[in-house]
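Asks: sequence-free structure coming up:
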């Protein structure tokens with residue numbers, strides 16, 4: 001009977017001793033997949049723009065089929081939304097996208113989410129070395145509209161928006 005009592009006493013005493021601790025300096029970093037990583041979600045694929053719906057949505061020929069693409073990170077004023085009026089600078093944004101992209105070969109870059117709630121494929125649009133989504137914001141045709149987790153270029157878009165707003169470009173000078 002003494003042995004179990006001794007074990008209980010040792011356990012109770014060890015609970016009363018102060019814990020030892022080690023202090024380690026840490027740095028908080030944001031994890032981002034490397035563009036060179038084979039498992040990175042950023043994939044770029046070539047597509048042909050066949051039709052523009054409005055300033056931030058287009059149809060492309062991708063893998064032999066028609067795919068509706070919603071441009072990630074930006075929002076242009078509405079021109080075709082059912083039940084909504086045509087918004088200020090919407091026709092200009094649609095015309096710019098139509099003139100710039102129709103018939104062009106573009107690269108689609110996907111982020112973490114591939115499909116939006118309306119069934120459209122989400123992508124960044126590259127026209128040569130130019131990120132078209134950023135061009136829309138920089139020239140005042142769109143505002144920044146990011147929805148996590150698809151935020152890869154949010155800092156670039158916000159800088160472009162500050163510049164467009166300060167310069168009164170596009171909708172910032174008209175609406």
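Replies: Okay, I see it. If you're wondering where the values come from, they're calculated on a predicted model, not measured in any experiment.

Asks: and the next helix or strand past the helix or strand bottoming out on mean pLDDT in the chain?
Replies: Every helix and strand in the chain was compared by mean pLDDT, DSSP states H and E; the lowest is helix 2-16, with a mean of 43. Later in the chain than helix 2-16, the nearest helix or strand by DSSP states H and E is strand 44-54.

Asks: mind giving me the packing neighbours of the helix or strand immediately after that next one in the chain?
Replies: As assigned by DSSP H and E, the chain's next helix or strand after strand 44-54 is strand 57-62. The contact analysis (3 or more Cβ pairs under 8 Å, 6 or more residues apart in numbering; DSSP states H and E) places strand 57-62 against strand 44-54, strand 65-71, strand 105-109. All C-beta atoms are positioned from the backbone trio N, CA, C, and that covers glycine.

Asks: what residues does the following helix or strand past the second one touch?
Replies: I take that to be strand 65-71. The C-terminal neighbour of strand 65-71 among helices and strands, as given by DSSP H and E, is strand 73-75. Counting contacts by Cβ atoms under 8 Å, 6 or more residues apart in numbering, the residues outside strand 73-75 that touch it are 56, 124, 133, 136-137, 142-146, 150-151, 153-154, 157.

Asks: what's the PyMOL line that selects buried ones from those?
Replies: Remark: buried members of the contacts of strand 73-75, expressed as a PyMOL selection using 16 or more other Cβ atoms under 10 Å:
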select buried, resi 56+124+133+136+137+142+143+144+146+150+153+157
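
Asks: ok, the contacts of strand 73-75 vs residue 48, which is closest?
Replies: Distance to residue 48, by Cβ to Cβ, is smallest for residue 124 among the contacts of strand 73-75, at 16.6 Å.

Asks: test my guess that residue 70 contacts residue 121.
Replies: Yes. Between residue 70 and residue 121 a contact is recorded at 7.1 Å, counting by Cβ atoms under 8 Å.

Asks: many thanks, I have nothing further to ask.
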